[in-house]
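Provided below for reference: sequence and predicted model.
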Amino acid sequence: MQALLAVVFSCIQRQYRPAPILVDQAVRAAQSLAGQPGGKFVNAVLRVALQDPRAAQGDEQALTALCNAPKEWIDAVAEDWGETQAREILMAMGQPRGHWLRLVGDADTQKRSLQAIRDWAQERGIAMHVQQNQLPSVWLQSLRGLFDTTLFREGLFRVQDWSAQQLARLWTDSPPRGPQSSEVDRIDVLDVCAAPGGKSFLIAEDPRTRIWAMDKSERRLQKMKSEAERLSRTLDLSRLTVTATDILEDVWPMGFPNQFDCIVLDAPCSASGVMSRHPEIPWTDRLAERESLCVVQSAMLNAVWQRLKPGGKLLYVTCSVFHAEGEHQIDAFLRLHPEARRQAAPGYILPVADSTDLGPGRDGFFYASLCRGAPL
């Protein structure tokens with residue numbers, strides 16, 4: 001539809017045919033692409049533009065057009081971050097960007113994979129960036145054709161944004177251990193809302209962990225299981241157990257521990273931080289739905305807290321930039337649970353667009369770390 005409108009506007013500007021004929025042809029083409037709704041949409045856009053071409057050209061510089069978001073969404077971001085910073089956030093979220101990979105395997109395997117990916121990218125003229133001091137993180141401008149390679153089939157990398165990969169860094173900085181634990185002890189980790197598996201696979205890089213993953217969506221869990229089968233060639237996933245469970249409704253799954261050393265809750269959210277990959281989000285989001293999600297987030301926080309061992313760690317994650325789904329949610333939780341202690345965590349990781357000068361971009365995320373009882 002976007003390509004169609006681009007062609008039609010060019011034809012109108014060049015006076016390739018009389019405007020009424022171009023509008024009629026564009027509407028017919030839109031109907032073939034998207035039915036009657038598509039035809040009505042294109043008809044409305046073109047007629048408004050033709051009524052006042054100068055105003056239509058000015059619309060290109062409006063924030064709604066630049067960041068691909070409606071006024072209500074723009075106002076909601078500005079309310080949390082102020083107009084100046086909100087504009088930076090919105091512009092970054094509205095721009096398409098490249099892709100981050102997570103290399104899988106031991107250090108030698110990662111080095112070999114890195115060289116193979118570098119050769120592959122250079123052969124195709126694809127820009128590449130390697131995160132310093134974090135070898136598993138690699139950025140590519142395009143992934144076209146990469147999934148047809150032996151590297152992918154043998155499970156030597158996963159696609160995961162830099163912001164999402166920071167869970168591994170947070171984990172490494174202070175892994176959860178009780179007062180009687182030793183380095184050889186197993187760490188039982190519960191991954192809630194686990195599908196499609198990115199968090200579980202990151203945690204599985206630590207050989208001490210046993211991961212117990214749950215998600216209420218059978219469909220998303222099938223994707224996770226399929227990805228786990230591919231990665232099992234290079235990553236030990238024998239310590240991963242997966243079940244379809246809704247932590248707010250279902251009976252506790254058989255075989256799962258009753259309490260855990262660590263719980264990772266990637267709560268359902270507005271996904272406002274990843275709109276560059278899902279540009280429909282600002283247009284389908286509604287305030288009432290966001291408020292409903294906040295209620296679910298609060299309920300899930302309270303539910304998983306009961307499953308955390310004394311001295312254990314709870315990692316709360318959302319891919320949202322809204323305060324109601326991040327800081328406000330944690331503040332409310334701490335008021336209800338005086339035994340909870342907040343630990344160092346990134347907090348908000350704001351979205352950044354790809355830049356020639358500054359390097360690769362990233363999605364928007366929020367991280368909070370809480371321990372039960374005295375800090376570990």
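Looks like it came in fine. Residues are numbered from 1 along each chain as shown.

Could you use CA atoms for every contact and neighbour count after this?
Will do.

mind giving me the domain split of the protein?
As recorded under automatic domain parsing, the domains making up the chain are 2-61, 99-159, 168-372.

for those, which one ends up most surrounded?
Compared across the domains of the chain, domain 168-372 shows the largest average neighbour count, a mean of 18 (mean count of other C-alpha atoms under 10 Å).

hmm, back to that, go through the domains of the chain and name the closest to Met93.
Closest approach to Met93 among the domains of the chain (C-alpha to C-alpha): domain 168-372, 4.9 Å.

From the chain's centroid, how far away is the closest one?
Computed by C-alpha atoms, centre = their mean, to the nearest Å, the chain-centroid distance of domain 168-372 equals 12 Å.

Low-confidence ranges, the protein, go.
Scanning the chain for pLDDT under 70 picks out 132-135, 172-184, 356-358, 374-376.

which stretches of the stretch 201-350 of the chain form helices?
All helices of the stretch 201-350 of the chain, identified by DSSP state H, counting those that start in this stretch, fall at 218-231, 281-284, 287-305, 327-336.

Turn the ones you listed into JSON lines, including distance to Gln166.
Shown next, in JSON lines, are those (distance: least, C-alpha to C-alpha, whole Å):
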{"stretch": "helix 218-231", "distance to Gln166": "20"}
{"stretch": "helix 281-284", "distance to Gln166": "23"}
{"stretch": "helix 287-305", "distance to Gln166": "21"}
{"stretch": "helix 327-336", "distance to Gln166": "18"}
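
Tell me which of these lies nearest to Ile117.
With C-alpha to C-alpha as the yardstick, what comes closest out of the helices of the stretch 201-350 of the chain is helix 218-231 (17.1 Å).

re the thing from before, can you tell me which of the helices of the stretch 201-350 of the chain is nearest to Leu22?
With C-alpha to C-alpha as the measure, helix 281-284 is the member of the helices of the stretch 201-350 of the chain nearest Leu22 (27.8 Å).

hmm, back to that, out of the helices of the stretch 201-350 of the chain, which comes closest to Arg372?
Of all these, it is helix 287-305 that lies closest to Arg372, at 8.3 Å by C-alpha to C-alpha.

can I get the CA coordinates of that closest one in CSV?
Extracted in CSV, the C-alpha atoms of helix 287-305 (Å, rounded to 0.1, in the frame of the first residue of the first chain):
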residue,chain,number,x,y,z
LEU,A,287,-5.4,3.5,26.8
ALA,A,288,-8.0,1.1,28.2
GLU,A,289,-5.9,-1.8,27.0
ARG,A,290,-2.7,-0.4,28.5
GLU,A,291,-4.5,0.1,31.8
SER,A,292,-5.8,-3.5,31.6
LEU,A,293,-2.2,-4.8,31.0
CYS,A,294,-1.0,-2.9,34.0
VAL,A,295,-3.5,-4.8,36.2
VAL,A,296,-2.2,-8.1,34.7
GLN,A,297,1.4,-7.1,35.3
SER,A,298,0.6,-6.3,39.0
ALA,A,299,-1.2,-9.6,39.4
MET,A,300,1.7,-11.5,37.9
LEU,A,301,4.3,-9.8,40.0
ASN,A,302,2.4,-10.8,43.1
ALA,A,303,1.9,-14.3,41.9
VAL,A,304,5.6,-15.0,41.1
TRP,A,305,6.8,-13.3,44.3
